[in-house]
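Participant: requesting a structural model of the entry that follows:
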Amino acid sequence: MKKVLAIDGGGIRGIIPGQVLIALEKKLKKLSGNQEARLADYFDFFAGTSTGGILACIYLCPAENDPRRAKFSAEQAVELYVKYGQKIFDIALWKSIQSVNGTLDEKYDASALETLLAQYFQDVRLSQLLKPCIVTAYDIDRRKAHFFAQHDFATQGEGADFFVKDVCRATSAAPTYFEVALVKSLSNVSYALIDGGVFVNNPALSAYSEIRNSAQNPIAKDMFIVSLGTGDVNEPFKYHKAKNWGAVGWIKPIIDIMMSGASEITDYHLRKMFDAVQRSDQYIRIQPERFKDANQEIDDASPQNINALLEVGTITAEDCNKELDRIAEILIEDGPDRVEFS
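Facilitator: Below you'll find the model as predicted:
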């Protein structure tokens with residue numbers, strides 16, 4: 001089976017799937033007897049949107065001394081948020097006044113994020129990542145979805161290749177939070193891109209479609225998809241308030257609705273597709289259900305909220321312990337089944 005890992009967007013809430021994947025990697029180490037085991041050793045295809053795209057790229061980043069091995073562990077991936085979350089989502093007083101808290105201009109300066117991405121990935125190229133993957137963004141100039149696909153380099157060359165730090169900057173350019181990312185392919189073509197969460201916050205169905213068009217034409221029964229969410233934002237919007245909203249009033253609610261709605265519809269369709277071939281057990285969706293004291297805002301990187309999100313991630317992993325056991329067993333027993341593209 002083609003074993004797929006797909007991770008939703010959700011800003012600082014990326015800590016939650018990150019914690020779940022730490023638990024999974026520990027199980028893989030124990031079952032395999034290999035203390036150097038990494039997620040990239042067992043999943044055949046990765047997909048990510050926004051924070052999920054950053055995580056996917058971290059898991060697939062090759063080591064400098066051995067380009068066949070993953071540089072970062074699952075635990076090191078979460079450190080990006082725990083150690084540097086406050087820097088990424090740090091808003092200066094003048095910036096807050098100038099942007100009217102994100103209403104007239106982007107809320108945060110992207111320079112801290114860009115510095116961290118350069119630190120993590122240096123000059124690693126998309127084509128150098130360890131496994132085939134897709135990371136989502138939206139091209140506001142060409143008005144079309146943009147999928148960064150690691151495997152496209154084989155057929156399209158440098159026009160489909162980018163520095164990974166630029167891929168991550170583009171997929172996380174959430175409207176109102178960070179300015180539009182202007183990135184260039186290695187063939188020197190420019191793209192103006194924003195967060196893929198505006199149209200596909202849950203990239204699992206995109207991963208399915210990509211694999212469906214790979215060599216051997218695999219269908220649902222030939223795939224095993226693990227889809228990780230960052231939590232549903234279920235804050236209700238009351239009619240008596242919403243009926244009088246204008247463009248400014250709708251900015252934040254419409255972003256929340258687009259992100260959660262896109263995730264929900266992807267989950268709905270994938271369940272139907274796997275049910276149709278009697279393989280419902282080959283699609284697993286893990287979504288945190290108990291947020292306790294954690295704030296679900298995608299940019300609350302206060303020390304208190306980071307600790308709360310770490311706890312939510314741990315609770316989610318514990319709640320899904322049996323599922324994680326089964327995932328680890330399947331990943332090891334089924335063995336590698338590389339996704340090939342002609």
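
Participant: pull the distance from whichever strand or helix holds Val167 to the chain's centre.
Facilitator: According to DSSP states H and E, Val167 maps onto helix 164-171. When distances are taken as C-alpha atoms, centre = their mean, to the nearest Å, helix 164-171 is centred 12 Å away from the chain's centroid.

Participant: counting contacts, what elements does the helix or strand that that helix is followed by pack onto?
Facilitator: Downstream of helix 164-171, the next assigned helix or strand under DSSP H and E is strand 181-184. Secondary-structure packing of strand 181-184 (3 or more C-beta pairs under 8 Å, 6 or more residues apart in numbering; DSSP states H and E): helix 164-171, strand 190-195. The way it works is simple: take the backbone N, C-alpha and C, and place the C-beta from them, glycine included.

Participant: what residues does strand 181-184 touch?
Facilitator: Strand 181-184 is contacted from outside by 110, 137, 162-163, 166-167, 169-170, 173, 190-194, using C-beta atoms under 8 Å, 6 or more residues apart in numbering.

Participant: ok, now with 10 Å
Facilitator: Contact partners of strand 181-184, identified using C-beta atoms under 10 Å, 6 or more residues apart in numbering, comprise 110, 113-114, 137, 141, 146, 148, 162-163, 165-173, 189-195.

Participant: send the alpha carbons of it over as PDB?
Facilitator: Only the C-alpha atoms of strand 181-184 are listed here, as PDB (Å, rounded to 0.1, in the frame of the first residue of the first chain):
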ATOM      1  CA  ALA A 181       5.100  35.600  -0.400                       C
ATOM      2  CA  LEU A 182       6.900  36.500  -3.600                       C
ATOM      3  CA  VAL A 183       9.100  33.400  -4.400                       C
ATOM      4  CA  LYS A 184      11.000  32.300  -7.400                       C
END
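
Participant: quick one: the strands in this protein, in order.
Facilitator: Applying DSSP state E to the chain gives strands spanning 2-7, 45-49, 133-139, 144-149, 181-184, 190-195, 223-228, 283-286.

Participant: among those, which is the most enclosed?
Facilitator: Using mean count of other C-beta atoms under 10 Å, the stretch among the strands of the chain with the largest mean neighbour count is strand 45-49, at a mean of 31.

Participant: list the strands paired with that one, with their directions.
Facilitator: strand 2-7 (parallel), strand 133-139 (parallel) (DSSP bridges).

Participant: what's the average pLDDT for it?
Facilitator: Strand 45-49 carries an average pLDDT of 98.

Participant: equivalent analysis for stretch 225-241, please.
Facilitator: 86.

Participant: still on that earlier bit, counting by contacts, list what the helix holding Val167 packs against.
Facilitator: Applying 3 or more C-beta pairs under 10 Å, 6 or more residues apart in numbering; DSSP states H and E, we find helix 164-171 packed against strand 45-49, helix 51-60, helix 111-121, strand 133-139, strand 144-149, strand 181-184, strand 190-195.

Participant: same thing but at 6 Å, please
Facilitator: Judged by 3 or more C-beta pairs under 6 Å, 6 or more residues apart in numbering; DSSP states H and E, helix 164-171 is in contact with helix 51-60, helix 111-121, strand 133-139, strand 181-184.

Participant: what about Ser50, neighbour count?
Facilitator: Residue neighbour count, defined by other C-beta atoms under 10 Å, stands at 33 for Ser50.

Participant: count of neighbours near the spatially closest residue to it that is not a sequence neighbour?
Facilitator: The shortest distance from Ser50 to any non-neighbouring residue, by C-beta to C-beta, 6 or more residues apart in numbering, is to Gly9 (3.0 Å). Per other C-beta under 10 Å, the neighbour tally for Gly9 reads 31.
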